[in-house]
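Novice: Prediction below, plus the sequence it came from.
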Amino acid sequence: GVLVGFLIGITNCYQVLYAGIVDRLPQFATIKAIGYGNRFVVKVVLQEALYLSLLGYAFGLAASFVIYRCVEWYSGVMLRLTLVRGITILVLTVSMCALAGCIAARRALKSDPAELF
C-alpha cells in the first residue's frame, strides 16, 4: 500500500509541477537567456517541489490528527501518530516530491531561449 501510494504521489506531484513549468516556460527560457545555467533551473524546480511537499505534509498532518481523533471517538480504539511515524512520512513526502521535481525539471531544461525572440 505504501509503495502504491508513493507512486501515485509521485505522479500527482509531477503533474502539478509539470503544469507549473509549462505555464512559466517563457520565464525559464528568459532565465537561461540571461546566463543562468541548467543547475539554477533545476534548483528552482526542486525548491518548488520542496514547498509543495512541506505544504502537503502540513495539511495532511492536520487532517490525520482530526481523522485519528474521529476514529478513536467512534470506535473506542486508541490510535497514536508517533513522532517516528510522522518523521518517516515527512521524509517519504519530501523524497517523493523531489523525485517528481527531478522528472519535471527535464521539461524546464528543454526550454530554448531562442524561441522567445
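Specialist: Received, thanks. Numbering: from 1, shown residues only.
Novice: Now the phi/psi pair for Asp112, please.
Specialist: phi -110, psi 120 (degrees, to the nearest 10).
Novice: before we move on, what about Met78?
Specialist: phi -80, psi 130.
Novice: distance of it from Val22?
Specialist: From Met78 across to Val22, the span is 47 Å (CB to CB, to the nearest Å). C-beta: built from backbone N, CA, C; applies to glycine.
Novice: repeat for Val2
Specialist: From Val2 to Val22 the distance is 30 Å (CB to CB).
Novice: Looking at the two, which has the bigger crowd around it?
Specialist: Val22 (13 against 9; other CB atoms under 10 Å).
Novice: Which secondary structure element of this protein has the lowest mean pLDDT?
Specialist: helix 25-33 (a mean of 87; mean pLDDT, DSSP states H and E).
Novice: quick one: contacts of that one?
Specialist: By CB atoms under 8 Å, 6 or more residues apart in numbering, the residues outside helix 25-33 that reach it are 21, 38, 40-41, 44, 107-108, 111-113, 115-116.
Novice: run the last query once more with 6 Å
Specialist: 41, 108, 111, 113, 116 (CB atoms under 6 Å, 6 or more residues apart in numbering).
Novice: Give me the neighbour count for the second one.
Specialist: Read that as Ala108. Neighbours around Ala108, by other CB under 10 Å: 25.
Novice: Show me what counts as buried in the host helix or strand of it.
Specialist: Per DSSP states H and E: Ala108 is located in helix 83-109. Of the residues in helix 83-109, 89-90, 92-94, 96-101, 103-105, 108 count as buried by neighbour count, 16 or more other CB atoms under 10 Å.
Novice: and of these, the nearest to Ser53?
Specialist: Cys97 (3.6 Å; CB to CB).
Novice: Return the distance of the closest one relative to Ile34.
Specialist: 28 Å.
Novice: Same question for Phe65.
Specialist: 46 Å.
Novice: Grab the nearest non-local neighbour of the residue positioned nearest the centre of the chain.
Specialist: When CA atoms, centre = their mean is applied to the chain, the residue found nearest the centroid is Cys97 (3.3 Å). Of all residues not flanking Cys97 in the chain, Ser53 sits nearest, at 3.6 Å (CB to CB, 6 or more residues apart in numbering).
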